[in-house]
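K.L.:
Got a predicted structure here, sequence first:
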Amino acid sequence: MNPAFFIAPLAISAVSAVLAALISLTDKIVNNYGEVTININGGKKKLQVNGGAPLLFSLAETGIYVPSACGGRGSCGACTVKVKTDIGPHLPTETPYLTKEQIADDVRLSCQIKVKQDLDIEIPESLFNIRKFTGVVERIADLTHDIKEVYIKLEDGQEANFVAGQYGQFEVPPYAKIRERTQRAYSMSSAPSDKGHLEFLVRLVPGGIVTTYVHEHMKEGEKVNVVAPVGEFHVQDNDSTMICVAGGSGMAPFKSIFNDMIETGKIEERDVWYFFGARTTKDLFYMDWLKELDAKYDRFHFIAALSEPQSDEPWDGETGLITDVLGKYLESVIDQEKTKEGYLCGSPGMLDACMAVMRKHDMKEENIYFDKFA
Amino acid sequence: MAPDIGYFSLFLASILTSNILLANFLGMCSFISISKDINSSNGLGMAVTLVLTITAGVNWAILQLLQSLGIVYLRFIVFIIVIAAVVQMLEMIIDRISPRLYMSLGIFLPLITVNCAILGVSLFMEIRNYSFLQSIVYGFGSGLGWWLAIMALAAIRKKTEKAPIPAGLQGAGITMITIGFMAMAFIGFSGMLQVQ
Amino acid sequence: MKMSPEYTKAQERMQPGVITSDGFLGDDTRPIVDIIAADEQTMTKLGLDFETMCSLMHRLVAEGRKGLGEPVTVQNSWVARVDEARGFLASPFDDGIFRKINVELELAPNGKPTGEKILYSELSLHLIEKHHFFQGKGSPFRLDPAQAKKVLRL
């Protein structure tokens, strides 16, 4: 047989092989960043990581969980970190999520930037406490037709230390057409003293990935992961009047906060007004408990408002949008003289509407607290 | 035998009289689409110049190998493989050495793999029997010529943005006409030098 | 019909896990130009036009947001529930980013829920309005034109 038949394929294979070898060699040399040091908050913590991965994941590997509502997909804009080392201009994948001030201040999206050199970064110190918990679903209960209470028992040896009002990243496994683990943020509704458990209230969002899983697939006894505690939302330590407003599953942080206040006795020392908005009586829950608190503690006041009470249901409480009811009470019921603080939990639209009402009634914006996630 | 052309005249010729874009009309797709934006044009021009210079040299060496084995007919495939590999490696190296340059080149670097000007230069080098040094000079010159042409077109397009162009001619239409005029203008250089 | 490079790229970005975990195509294996063409035909057959339909849907989002997260009765004909989540989603056609606002709209003439519902988001509405893309069959945010006609009472 003519040797020419072999020369051509052999030559091409040889050339390709040499080039492939060269590429992987270059990759080994060039993309090997070796051990890189991440210096956090001016030396408070120093981490040794292997370079090359996105900052968010490098930090997560060493146990520092920067909050991210989308799990590193670059779609929520939550995982901001201040990077003091010069690592080049902001990427086109970052700029849509950052304000001009943040960009000028070297704030970056940690899921988008890769660790390629020693870095100096700044993050809130509270992030040092965040860790990944593993637990088992001990109980799932229906609170309303679309809200479930999920009570998780942490596996042995784990202890959750959080401040009432903080939230956790709840992780669900791949299911149906969804091929990857998905994380979403929910406020803890359990009291901080219950260190062996974490509880969440999850409202079904049509089309929502995690909420659909919790409502249709999650079973008691199942293992779950929670990254917690996250967030700055907590009760300020002073004696001004607390004006709390929530709707739907926004009840969660307040359940935690009120239970904590009962345990510490604070509930007898401060004026608390809790406004809870729902559409119909079908959407109300924990009513007996809250009415009991209202009756038992002089300074605790609970006001539920229905926006569209149905004619066939008995309802003797307030009616109207929660913002209107809030306005009415701020106007004529709540003591005008005392300083007031606002505590809000709900959708961005609900937060904006409540802020507007509170500002109108001379409450200062810096005294209104909330976590802007839903 | 390598043709008897001085390096300097070959260099000038490849930029002006035998401009790879305007005389041979190679690399048109990215030329037309990227010239919308002057900054991107600059980045792409830089990347093309770099890749052209390197691939001209590497492909010259590969060609010697193919000739000695008597399988020159495989050059198209092999050249493309080499170009793709070189671009890949360059991408990694630039990313490491200068993230800023890497950022400004962005997507253009990998796009160059399919730029016909690159393959064109390698093939001309073979047809014209250039020596190793001539190949590199020719590659570098052609790159600069491509860079020059796209910057010129980008500048003209910036001007024509505000010009009263009939609706039917806007966009690609007026760009093609502009390129035609530019090509004619470059023919003016052809009396100065001639390379084959 | 032939897929232009823009459509090919958009279809890639519609796969599960690229922009949303669900993706935009469901179990549909057709090229998106065919999905679009088929739905455009259905729209004509049903006597619907995109402009009227989308402007009504936009109005209903605005009305639904007034419920502050709770469902709200709109014009005595619908119950609209608007959910807002933090963050944005990019359009697979690379023409903008959209707030994560979902609307579940149920037909309820005179306050009586009928169980006839449609679900859409700011992004899915944009895809319908600008690209006539209703999403693939089996996608959670697929809007069936016939169902839309029924629920929106067009």
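P.N.:
Happy to help now that I have it.

K.L.:
mind listing what the closest residue to chain B within the stretch 1-150 of chain A touches?
P.N.:
The nearest approach of the stretch 1-150 of chain A to chain B comes at A:Leu19, 3.9 Å away (Cβ to the nearest Cβ). Every residue, glycine included, has its C-beta placed from N, CA and C. Contacts were defined as Cβ atoms under 8 Å, 6 or more residues apart in numbering or on different chains; by that measure A:Leu19 touches B:81-82, B:85.

K.L.:
Tell me the bridge partners for the residue lying closest to A:Lys84 once chain neighbours are set aside.
P.N.:
Counting by Cβ to Cβ, 6 or more residues apart in numbering or on different chains, A:Lys84 lies nearest to A:Asp120, which is 4.2 Å off, once chain neighbours are set aside. Beta-bridge partners recorded for A:Asp120 (DSSP bridges): A:Asn39.

K.L.:
circling back to that earlier point, from A:Asn31, how far off is the residue of the stretch 1-150 of chain A closest to chain B?
P.N.:
The gap separating A:Leu19 from A:Asn31 is 17 Å, by Cβ to Cβ, to the nearest Å.

K.L.:
try A:Met218
P.N.:
40 Å.

K.L.:
So which of these two has more stuff around it?
P.N.:
A:Met218 (19 against 14; other Cβ atoms under 10 Å in any protein chain shown).

K.L.:
check contacts around residue 54.
P.N.:
Here I'm looking at chain A. Counting by Cβ under 8 Å, 6+ apart, A:Pro54 has contacts A:72, A:110-115.

K.L.:
try chain C instead
P.N.:
Going by Cβ under 8 Å, 6+ apart, the list of residues near C:Cys54 reads C:125, C:128-129.

K.L.:
again, but for A:Gly221
P.N.:
Counted by Cβ under 8 Å, 6+ apart, A:Gly221 has contacts A:136-137.

K.L.:
Kindly export stretch B:114-124 (C-alpha atoms) in PDB.
P.N.:
Only the C-alpha atoms of stretch B:114-124 are listed here, as PDB (Å, rounded to 0.1, in the frame of the first residue of the first chain):
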ATOM      1  CA  VAL B 114     -12.500  32.900  11.600                       C
ATOM      2  CA  ASN B 115     -11.200  36.100  10.100                       C
ATOM      3  CA  CYS B 116     -10.300  35.300   6.500                       C
ATOM      4  CA  ALA B 117      -7.600  37.900   6.400                       C
ATOM      5  CA  ILE B 118      -5.500  35.700   8.700                       C
ATOM      6  CA  LEU B 119      -5.900  32.600   6.500                       C
ATOM      7  CA  GLY B 120      -5.400  34.800   3.400                       C
ATOM      8  CA  VAL B 121      -2.000  36.100   4.600                       C
ATOM      9  CA  SER B 122      -0.800  32.600   5.300                       C
ATOM     10  CA  LEU B 123      -1.900  31.500   1.800                       C
ATOM     11  CA  PHE B 124      -0.400  34.500   0.000                       C
END
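
K.L.:
For the helix or strand bottoming out on mean pLDDT in chain B, give me every contacting residue.
P.N.:
Lowest mean confidence among the helices and strands of chain B (mean pLDDT, DSSP states H and E): helix B:99-105, at a mean of 71. Residues outside helix B:99-105 that contact it (Cβ under 8 Å, 6+ apart): A:87-89, A:91, A:116, B:39, B:43-44, B:46-47, B:91, B:94-95, B:109.

K.L.:
what about 10 Å?
P.N.:
A:86-92, A:114, A:116-117, B:39-40, B:42-44, B:46-47, B:50, B:90-96, B:98, B:109, B:111-112 (Cβ atoms under 10 Å, 6 or more residues apart in numbering or on different chains).

K.L.:
Distance from the chain centre to that helix, please.
P.N.:
Put simply, helix B:99-105 sits 20 Å off its chain's centre (Cα atoms, centre = their mean, to the nearest Å).

K.L.:
next one: stretch A:14-23
P.N.:
48 Å.

K.L.:
For it, C-alpha coordinates in CSV please.
P.N.:
Provided in CSV are the C-alpha atoms of stretch A:14-23 (Å, rounded to 0.1, in the frame of the first residue of the first chain):
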residue,chain,number,x,y,z
ALA,A,14,0.8,15.0,14.9
VAL,A,15,0.4,18.7,14.3
SER,A,16,-2.9,18.7,16.2
ALA,A,17,-1.4,16.7,19.0
VAL,A,18,1.5,19.1,19.3
LEU,A,19,-0.7,22.1,19.3
ALA,A,20,-3.1,20.6,21.9
ALA,A,21,-0.1,19.8,24.1
LEU,A,22,1.1,23.4,23.7
ILE,A,23,-2.3,24.7,24.6
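
K.L.:
Report the buried residues of that stretch.
P.N.:
Neighbour-count burial for stretch A:14-23, counted by 16 or more other Cβ atoms under 10 Å in any protein chain shown, picks out A:15, A:19, A:23.

K.L.:
Reformat the residues you listed as JSON lines; add secondary structure and pLDDT.
P.N.:
JSON lines is the format used below for the buried residues of stretch A:14-23 (DSSP: H, G, I helix; E, B strand; the rest coil; pLDDT from 0 to 100):
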{"residue": "A:Val15", "secondary structure": "helix", "pLDDT": "87"}
{"residue": "A:Leu19", "secondary structure": "helix", "pLDDT": "90"}
{"residue": "A:Ile23", "secondary structure": "helix", "pLDDT": "89"}
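
K.L.:
So which of those residues is the closest to A:Pro9?
P.N.:
Closest approach between the buried residues of stretch A:14-23 and A:Pro9, by Cβ to Cβ: A:Val15, at 10.9 Å.

K.L.:
and the closest one, how far is that from B:Phe124?
P.N.:
For A:Val15, the distance to B:Phe124 - Cβ to Cβ - is 21 Å.

K.L.:
can you check C:Ile128 too?
P.N.:
Using Cβ to Cβ, we find C:Ile128 at a distance of 51 Å from B:Phe124.

K.L.:
Also B:Ser142?
P.N.:
On the measure of Cβ to Cβ, B:Ser142 and B:Phe124 end up 8 Å apart.

K.L.:
Neighbour count: the two, which is higher?
P.N.:
Remark: of B:Ser142 and B:Phe124, B:Ser142 carries more neighbours, 32 against 22, as counted by other Cβ under 10 Å.

K.L.:
Confirm that one sits in a strand?
P.N.:
No: secondary structure of B:Ser142 (DSSP: H, G, I helix; E, B strand; the rest coil): helix, not part of a strand.

K.L.:
Surely it is in contact with B:Thr49?
P.N.:
Yes: using Cβ atoms under 10 Å, B:Ser142 makes contact with B:Thr49 at a distance of 8.5 Å.

K.L.:
Are there helices or strands packed against the helix or strand that contains C:Thr73, and which ones?
P.N.:
Taking DSSP states H and E as the criterion, C:Thr73 maps to strand C:72-74. Using 3 or more Cβ pairs under 10 Å, 6 or more residues apart in numbering or on different chains; DSSP states H and E as the contact test, the elements touching strand C:72-74 are helix C:50-65, strand C:78-90.

K.L.:
Mean confidence (pLDDT) on it, please.
P.N.:
Mean pLDDT, computed over strand C:72-74, is 92.

K.L.:
and if you look at stretch A:158-171?
P.N.:
In this model, stretch A:158-171 carries a mean pLDDT of 91.

K.L.:
The residue in chain B that chain A sits nearest to: what's its closest spatial neighbour, skipping adjacent residues?
P.N.:
Taking Cβ to the nearest Cβ, chain A has its nearest neighbour within chain B at B:Ala85, 3.9 Å off. Leaving out its chain neighbours, the residue that sits closest to B:Ala85 by Cβ to Cβ, 6+ apart is A:Leu19, at 3.9 Å.

K.L.:
Near the closest residue to A:Gln169 other than its chain neighbours, how many other residues are there?
P.N.:
Sequence neighbours aside, A:Val227 is the residue nearest to A:Gln169 in space, at 4.0 Å (criterion: Cβ to Cβ, 6+ apart). A:Val227: 21 surrounding residues under other Cβ under 10 Å.

K.L.:
Paired strands for the strand or helix carrying A:Val227, with orientation please.
P.N.:
Assigned by DSSP H and E, A:Val227 falls within strand A:223-230. Under the criterion DSSP bridges, strand A:223-230 sits next to strand A:131-142 (antiparallel), strand A:167-172 (antiparallel) in its sheet.
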